[in-house]
Each structure stands twice: as C-alpha cells, then as structure tokens.
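> The amino acid sequence is not available; the structure is as follows:
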C-alpha cells in the first residue's frame, strides 16, 4: 500500500503529539476496515515523507502499534496490519486483501464484490 493512499493526516497544531495522532489514526483505520488485516504498510521513511514528519516520529508510532498488536514487522518483507481471529478467518482475510489489491490494479473495484458474491453462490 502506498503511503499517500492511506488517508492519514497529522495536525501539527493539535494537542496530542504527532506520533500519538499517527498511532490513533492507524488504530481507527484498522477498526473501521480502511486498513484490512494483512495489508502492507508503507515504510517508515515513505510515510514520514508523505505526512511531513520526522522518520523517528513514524518509527516511534510503528513501534507502539507493534507493541499493541495492531501491526507486525516481518523483517525485510515489511510491516503489515496484524491478522486476528482463527486460522481460517486469517486465510480468508489474506485472500481478500490480495483480491482487493488485484481489483484495484485492474480498475474493477465496482464489480469486485458482485464477482465474489456470484462465486460464493455458485459453489
């Protein structure tokens, strides 16, 4: 997922520190489904650049999010939204995230849900 497509913003004049704002924004995006389990997050540097924050600020927020179990680092593979629930649900979440990414790449978001519904009904 590209940093500019996350829809996150930081208000430099707001009372909570920027890393707290970022932490809250990611938690909210996960809770309301804008960030699906298994979604890859931008690198610390990329997100810092898009949000106009210091790299250390984003790194601090990512560290807190990981400690809270919201995200998980997978070494050189990157940082991802943590997956929750039973193994079958996690597998479906991963497949859904892959399918959604494919639908976006193909410009077929509008018909993606109908295609899945049809597939579920036909089997």
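Received, thanks. Just so we're clear, the structure is a prediction, and the values are computed from it rather than from any experiment. Residues are numbered from 1 along each chain as shown.

> Report the distance from stretch 59-68 to the chain centre.
Between the centre of stretch 59-68 and the centre of its chain there are 14 Å (Cα atoms, centre = their mean, to the nearest Å).

> Would you indicate which residues of that stretch are buried?
By neighbour count on 16 or more other Cβ atoms under 10 Å, the buried set for stretch 59-68 is 59-62, 64-65. Glycine gets a C-beta too; all of them are placed from N, C-alpha and C.

> So in terms of bridging, what pairs with the nearest residue to residue 78 once chain neighbours are set aside?
Once flanking residues are discounted, residue 78 sits nearest to residue 40: 5.3 Å by Cβ to Cβ, 6 or more residues apart in numbering. Residue 40 has these beta-bridge partners by DSSP bridges: residue 80.

> you'd agree residue 40 is up against residue 73?
No. Using Cβ atoms under 8 Å, residue 40 is not in contact with residue 73; the gap is 11.2 Å.

> Need the overlap of contacts for these two.
Shared contacts of residue 40 and residue 73 (Cβ atoms under 8 Å, 6 or more residues apart in numbering): residue 79.

> List the buried residues for the helix or strand bottoming out on mean pLDDT in the chain?
Ranking every helix and strand in the chain by mean pLDDT, DSSP states H and E puts helix 87-106 at the bottom, with a mean of 81. In terms of neighbour count (16+ other Cβ under 10 Å), helix 87-106 has its buried residues at 93-94, 97, 103.

> what residues does that helix touch?
So helix 87-106 is in contact with 36-39, 83-85, 109, 112, 116, going by Cβ under 8 Å, 6+ apart.
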